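Novice: from the sequence below, what's the structure:
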Amino acid sequence: MTEIIKQKLSNSRTARWATLCIVSFTMMCGYFITDVMSPLEDLLMQAHDWTSTEYGFFSGAYGWFNVFFFMLIIGGIILDKMGVRFTGLMACSLMIAGALVKACAISGVFPTDSMLAGYKMQVFIAGLGFALFGMGAEIAGITVSKIIVKWFTGHELALAMGFQVALARIGTFFALSYSLPVAKHFQSVSAPIWLGVLLLCIGAISFLVYRVMDKKLDASEAALPETGPPEEGFKLNDIKLIISNKGFWLIAILCVLFYSGVFPFLKFATKLMIYKYGVAEDLAGSIPGILPAGTILLTPLFGSLYDRIGKGATLMLIGAIMLTTVHILFALPVMNEWWFAAIVMVVLGIAFSLVPSAMWPAVAKIIPQKQLGTAFSLVFYVQNWGLMGVPMLIGWVIDRYARIPGETLAYDYTIPMLVFAAFGALAIMVALLLKAEDKKQGYGLEQPNIKQ
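Specialist: Predicted structure coming up:
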């Protein structure tokens, strides 16, 4: 009887993929809130008198708690100690609380004409809300990653991770494409944020359904006879083992460099489309929306490719090369046409599919499963330095170097795009080092994931 129960759960394709759809939906709702403000930079400047520097400060607030208070690392330890059910519910609660604070700040609930820490009160409070949300979102991310490893090890691991990323990108797509039209329809900058709060509540309910399935999986595994010595639980000393692993650091550094060239870019991409490529304001978010839309199909495709033929380190290298090329093309003062921007964005979408489809399964090959929660949290922690610092840097660069003197709302984005290209060039170097380290240590990054 216990064998039958087991077969219906982690060894059952239907159960695995049903579980994946549930937790991926929760992350999709979270990603909507992550990027819901990205198309609204220009509207914030008009309606609330924000500057690009203030917008960059707000966007970088996502990583405040994760970076300065080590909350992401603490979340990883909680995950390995308390399990995915407790940690996932905690993360959902943090996301909802943070989104509520951000929505209230943009709605004008808090004072808008006073200053705090050198920034408008509205900007600072919205940043605090985004920081609280970011803490929950990143902990949710590592929790979902460990859930996928738990259910898909020995099966379609990279495909499953690619599918989860793809569904998350749907949230990004809708945020980039529809936030501005929603804000204009309701004549309120905060309207799309309140919509995101509602979606997060639905996503939290979805995770409650997963908790039931996970309990059944644990019960069925406990009922089965032991096939070997029990695995030791996570110990704090395991952190030392993780951070002494060179392969882990190469993955973490590649992650922060690559994502620094994508997520912060999306925060400013809508304005780039308006002022460099002449796209109408209402449609400007649709071109950056091509990026997540393309990954919906491509990330699972590349994940399936990695599952079957391997070459994970090679896929990451190719993606880093494409990222660099894209930002160089955006920096060039040529072909300032919307269709050219759309084509380049498609190429970036391919790169954005290649790297995550290989990167996250690679962590599971380098680090033992009992340490995965903390390992993922440490990778996300390093990534959060980029998610915090790069938007602040780019906002400052735009105000300092991109604004054309003597012109009303005119920008030259050459220097900001070259900054993004520099992150891509560094990512290429790290990907080459990772490929060499894999060959030396035998991590198996170039080997297929599916066991024959």
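Novice: was I right to think residue 196 contacts residue 31?
Specialist: No: counting by CB atoms under 8 Å, residue 196 stays clear of residue 31, with 9.7 Å between them. Where C-beta positions appear, they are placed from N, C-alpha and C, glycine not excepted.
Novice: any common contacting residues for those two?
Specialist: Both residue 196 and residue 31 are in contact with residue 175, where contact means CB atoms under 8 Å, 6 or more residues apart in numbering.
Novice: the more surrounded of the two?
Specialist: residue 196 (29 against 25; other CB atoms under 10 Å).
Novice: let's verify the more buried one: helix, strand, or coil?
Specialist: helix (DSSP: H, G, I helix; E, B strand; the rest coil).
Novice: report pLDDT for the nearest residue to it once chain neighbours are set aside.
Specialist: Distances taken as CB to CB, 6 or more residues apart in numbering put residue 33 closest to residue 196, at 4.0 Å, once the chain neighbours are dropped. For residue 33, the pLDDT comes out at 96.
Novice: list the buried ones in the helix or strand containing residue 33?
Specialist: If you go by DSSP states H and E, residue 33 is part of helix 13-35. Going by neighbour count (16 or more other CB atoms under 10 Å), the buried part of helix 13-35 is 15-17, 19-20, 22-35.
Novice: can you check stretch 429-446 too?
Specialist: Buried residues in stretch 429-446 (16+ other CB under 10 Å): 430, 431, 433, 434, 435, 437, 438, 443, 445, 446.
Novice: what's the closest of the residues you listed to residue 350?
Specialist: residue 431 (15.7 Å; CB to CB).
Novice: contact partners for the closest one?
Specialist: 254, 313, 316, 317, 320.
Novice: the residue lying closest to it once chain neighbours are set aside: which element?
Specialist: In this structure, residue 431 finds its nearest non-sequential neighbour in residue 317, 4.0 Å apart by CB to CB, 6+ apart. Under the criterion of DSSP H and E, residue 317 resides in helix 312-331.
Novice: after that helix, which helix or strand is next? Please name it.
Specialist: Assigned by DSSP H and E, the successor of helix 312-331 is helix 338-366.
Novice: quick one, strands of the chain?
Specialist: Taking DSSP state E, the strands of the chain run over residues 115-116, 119-120.
Novice: need the ones you listed in TSV (columns: mean pLDDT).
Specialist: Below are the strands of the chain laid out as TSV (pLDDT from 0 to 100):
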stretch	mean pLDDT
strand 115-116	82
strand 119-120	88
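Novice: ranking those strands by burial, who's on top?
Specialist: strand 119-120 (a mean of 20; mean count of other CB atoms under 10 Å).
Novice: paired strands for it, with orientation please.
Specialist: Sheet pairing of strand 119-120 (DSSP bridges) gives strand 115-116 (antiparallel).
Novice: now the strand it pairs with, how far from the centre of its chain.
Specialist: 30 Å (CA atoms, centre = their mean, to the nearest Å).
Novice: same check on stretch 80-89?
Specialist: Averaging C-alpha positions (CA atoms, centre = their mean) puts stretch 80-89 20 Å from its chain's average.
Novice: residue 116 and residue 124 touch, don't they?
Specialist: Yes: at 4.4 Å, residue 116 and residue 124 qualify as touching, with contact defined as CB under 8 Å.
Novice: common neighbours of the two, please.
Specialist: In contact with both residue 116 and residue 124: no residue, using CB under 8 Å, 6+ apart.
Novice: one step back: check which helices and strands the helix holding residue 317 is in contact with.
Specialist: With contacts taken as 3 or more CB pairs under 8 Å, 6 or more residues apart in numbering; DSSP states H and E, helix 312-331 sits against helix 246-260, helix 290-309, helix 338-366, helix 414-441.
Novice: closest one to residue 69 among the ones you listed?
Specialist: It's helix 246-260; of the helices and strands packed on helix 312-331, that one is closest to residue 69 (CB to CB) at 18.4 Å.
Novice: residues touching the closest residue to residue 22 other than its chain neighbours, list them.
Specialist: Ranked by CB to CB, 6+ apart and with sequence neighbours excluded, the top spatial neighbour of residue 22 is residue 210, at 4.6 Å. By CB under 8 Å, 6+ apart, the contact set of residue 210 is 19, 22, 23, 26, 88, 147.
Novice: got the buried residues for stretch 96-108?
Specialist: Neighbour-count burial for stretch 96-108 [16+ other CB under 10 Å]: 96, 97, 98, 99, 100, 101, 102, 103, 104, 105, 106, 107.
Novice: pull it out as CSV, backbone CA atoms only.
Specialist: The C-alpha trace of stretch 96-108 is given here as CSV (Å, rounded to 0.1, in the frame of the first residue of the first chain):
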residue,chain,number,x,y,z
ILE,A,96,1.6,40.5,1.1
ALA,A,97,2.6,42.8,4.0
GLY,A,98,5.3,44.5,1.9
ALA,A,99,3.0,45.0,-1.1
LEU,A,100,0.4,46.6,1.2
VAL,A,101,2.9,49.1,2.5
LYS,A,102,4.0,49.9,-1.0
ALA,A,103,0.5,50.4,-2.3
CYS,A,104,-0.4,52.6,0.7
ALA,A,105,2.7,54.8,0.1
ILE,A,106,2.0,55.3,-3.6
SER,A,107,-1.7,56.0,-2.7
GLY,A,108,-0.7,58.9,-0.5
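Novice: from the contacts of residue 431, which two are the most distant?
Specialist: Farthest pair in those, by CB to CB: 313 and 320, 10.9 Å.
Novice: can you get me a residue count around residue 336?
Specialist: Count around residue 336 with other CB under 10 Å applied: 12.
Novice: from residue 277, how far out is it?
Specialist: Separation of residue 336 from residue 277 (CB to CB, to the nearest Å): 6 Å.
Novice: where does the prediction get shaky in this protein?
Specialist: 1-11, 112, 222-235, 406-409, 451-452 (pLDDT under 70).
Novice: quick one, what contacts residue 13?
Specialist: residue 155.
Novice: for stretch 321-341, buried residues please.
Specialist: Result for stretch 321-341 [16+ other CB under 10 Å]: buried residues 321-331, 338, 341.
Novice: same question for stretch 151-171.
Specialist: So, applying 16+ other CB under 10 Å, buried residues of stretch 151-171: 151-152, 155-171.
Novice: filter those down to the ones in helices?
Specialist: Secondary structure assignment by DSSP state H places 151-152, 157-171 of these in helices.
Novice: excluding sequence neighbours, find me the nearest residue to residue 255.
Specialist: Nearest residue to residue 255 in three dimensions, chain neighbours excluded: residue 383, at 5.1 Å (CB to CB, 6+ apart).
Novice: measure that neighbour to residue 97 for me?
Specialist: From residue 383 to residue 97 the distance is 22 Å (CB to CB).
Novice: now residue 48
Specialist: For residue 48, the distance to residue 97 - CB to CB - is 23 Å.
Novice: got JSON lines for the contacts of residue 431, with distance to residue 357 and neighbour count too?
Specialist: JSON lines is the format used below for the contacts of residue 431 (distance: CB to CB, whole Å; neighbours: other CB atoms under 10 Å):
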{"residue": "254", "distance to residue 357": "14", "neighbour count": "28"}
{"residue": "313", "distance to residue 357": "13", "neighbour count": "25"}
{"residue": "316", "distance to residue 357": "9", "neighbour count": "30"}
{"residue": "317", "distance to residue 357": "13", "neighbour count": "22"}
{"residue": "320", "distance to residue 357": "14", "neighbour count": "27"}
